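**Student:** What would the 3D arrangement of this be:
(one chain, ligands or ions: 1)
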Amino acid sequence: MRNQQIPVLITGGAGFAGRYLAQLLRKNGRKVYIFDHNPLSEKGEAWEEIEEHYIIDLTQTKDLRKRLKSIRPAEIFHLAGKANVKHSWYGESETYLTNVIGVVNLMCAIRDTGLRSNLLIISSGEVYGQVPDSEQPITEKRSPAPRSPYAGSKLCQEIAALQLARSLKGKTVIVRPFNHIGPGQRLGFVTADFAHQIARIEHKLQEPLIHVGNLDARRDFTDVRDMVEGYVKALEFGTSGDVINLCSGKTWSIKEILDYMTSLSSVDITVRVDPERFRPSDINLLQGNHDYMTRLSQWNPELDIADTLTDIINYWRKQVSLETVT
Ligand code: GDD
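**Tutor:** Below you'll find the predicted structure:
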């Protein structure tokens, strides 16, 4: 029975979205392999039935071909990469190296091993840059105009992937996810940063003062659990060379997110806007249009943001209480 399971590979599979994707693929009866330069972040349900986890750094080619040959994945979900927009300003070369050379090394290795694997590349809605409000929600027809080093690296990644796709036997599909959030996301992303501080305040580990950055920005948020369903469907229904938005189509200002998250706490919290948390340049509004994806696959995000934010706060309450006992 086990031998009949289809082998699939997630690069960057030890990260935030990778963990949810692994769980979904296991549920769909796949045999899941992971490449990551980190060990699995948390022991838990998602990791219990992982076939194998290999420490692989995609900026190097060491072991890559050997591992691909032994796994022979039918599908590869390329999640490995630098995802933090703010950090990309002072980590430009690392961001470009990981996001661009990573995909080049992976795709050359797939080509050289002669595999027929279908490949999903995770780009970003950030590639569109600053689009006038009147021209949003943004469709895939919009020309990208990246503002951050992160967005620049994601557009370069797309270009490299589309070029190399021509020499691969399987299909290559690119998705442009907008903001996705959920329990387990690392600090450095807005909802994790807010929830972590709220939980610390509740545990009396910091005074009832929350430090925040730009509250005026609006973002299109999707629960990570809906997002990974989108990854699977995009690869299943997309054709080679497709570039597909994944988003909810709805936006919230960061202030609305903050107000909702603080309202979930019984502590009275004061807000302090901290210039350190601003970026050299921020996008005011990012709202995606997912009509193409919905026509293609019937995908439609279902989870309510209020539930997602509650889950995130509860996750951080648990994390902080674990921190306090260790
Ligand atoms: N991280 C963070 N922390 N952001 C804050 C804070 C804070 O304390 N306060 C305000 N913000 C604002 C940021 O300035 C930005 O306008 C917005 O909240 C969202 O920031 P992030 O959560 O860091 O996400 P992002 O929009 O820059 O990028 C995310 O979405 C992209 C797709 O649209 C990331 O997940 C990217 O990897 C992803 O590609």
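**Student:** what about the strands in the chain?
**Tutor:** 7-11, 31-36, 52-55, 75-78, 118-122, 172-177, 180-181, 209-212, 218-220, 222-223, 243-246, 251-253, 270-273 (DSSP state E).
**Student:** Which among these is found nearest to residue 280?
**Tutor:** strand 270-273 (16.7 Å; CB to CB). Quick note: C-beta positions are derived from backbone N, CA and C, even for glycine.
**Student:** how long is stretch 178-190 from one end to the other?
**Tutor:** 13 Å (CA to CA, to the nearest Å).
**Student:** same thing with stretch 117-132?
**Tutor:** Using CA to CA, the two ends of stretch 117-132 sit 39 Å apart.
**Student:** ok, now stretch 126-140?
**Tutor:** End-to-end for stretch 126-140, by CA to CA: 12 Å.
**Student:** hmm, who's touching that stretch?
**Tutor:** Contacts with stretch 126-140, where a contact means CB atoms under 8 Å, 6 or more residues apart in numbering, come from 85, 125, 142, 144-148, 150-151, 154-155, 158, 176, 220, 243-245, 247, 249, 283-289, 291-292.
**Student:** Which parts of this structure belong to which domain?
**Tutor:** Domain ranges of the chain: 3-180+221-246, 186-219+251-286+304-325, per automatic domain parsing.
**Student:** Point out the most buried one among those domains.
**Tutor:** Greatest average neighbour count among those goes to domain 3-180+221-246 (a mean of 19), per mean count of other CB atoms under 10 Å.
**Student:** what's near enough to touch the closest residue to residue 232 other than its chain neighbours?
**Tutor:** Spatially, and ignoring its direct neighbours in sequence, residue 232 is nearest to residue 24 (6.3 Å; CB to CB, 6 or more residues apart in numbering). Neighbour list for residue 24: 228-229, 232 [criterion: CB under 8 Å, 6+ apart].
**Student:** Identify, from those, the entry nearest to residue 98.
**Tutor:** Comparing every one of the contacts of residue 24 with residue 98 (CB to CB), the shortest separation belongs to residue 228, at 20.9 Å.
**Student:** Does the closest one touch residue 21 like I think?
**Tutor:** Yes: counting by CB atoms under 8 Å, residue 228 touches residue 21, with 4.3 Å between them.
**Student:** any idea which of the strands of the chain scores lowest on pLDDT?
**Tutor:** When the strands of the chain are compared on average pLDDT, strand 52-55 comes out lowest at a mean of 87.
**Student:** what packs against it?
**Tutor:** Strand 52-55 is packed against strand 31-36, with contacts defined by 3 or more CB pairs under 8 Å, 6 or more residues apart in numbering; DSSP states H and E.
**Student:** who's in contact with the strand it packs on?
**Tutor:** With contact meaning CB under 8 Å, 6+ apart, strand 31-36 is reached by 2, 5-15, 18, 22, 25-26, 40, 49-56, 58, 67, 71, 73, 80.
**Student:** Can you show me the helices along the stretch 51-200 of the chain?
**Tutor:** Ranges of helices in the stretch 51-200 of the chain, per DSSP state H, counting those that start in this stretch, are 64-71, 85-88, 92-96, 102-112, 149-165, 190-202.
**Student:** mind putting the ones you listed in CSV, distance to the ligand included?
**Tutor:** What follows is these, written out as CSV (distance: least, CB to the nearest ligand atom, whole Å):
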stretch, distance to the ligand
helix 64-71, 24
helix 85-88, 3
helix 92-96, 11
helix 102-112, 15
helix 149-165, 7
helix 190-202, 3
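**Student:** Redo the ones you listed as JSON lines? Include distance to residue 36.
**Tutor:** Shown next, in JSON lines, are those (distance: least, CB to CB, whole Å):
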{"stretch": "helix 64-71", "distance to residue 36": "12"}
{"stretch": "helix 85-88", "distance to residue 36": "18"}
{"stretch": "helix 92-96", "distance to residue 36": "16"}
{"stretch": "helix 102-112", "distance to residue 36": "12"}
{"stretch": "helix 149-165", "distance to residue 36": "18"}
{"stretch": "helix 190-202", "distance to residue 36": "19"}
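**Student:** Export those helices as CSV, with columns for mean pLDDT.
**Tutor:** Below are the helices of the stretch 51-200 of the chain laid out as CSV (pLDDT from 0 to 100):
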stretch, mean pLDDT
helix 64-71, 96
helix 85-88, 96
helix 92-96, 97
helix 102-112, 98
helix 149-165, 98
helix 190-202, 98
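**Student:** Many thanks, have a good one.
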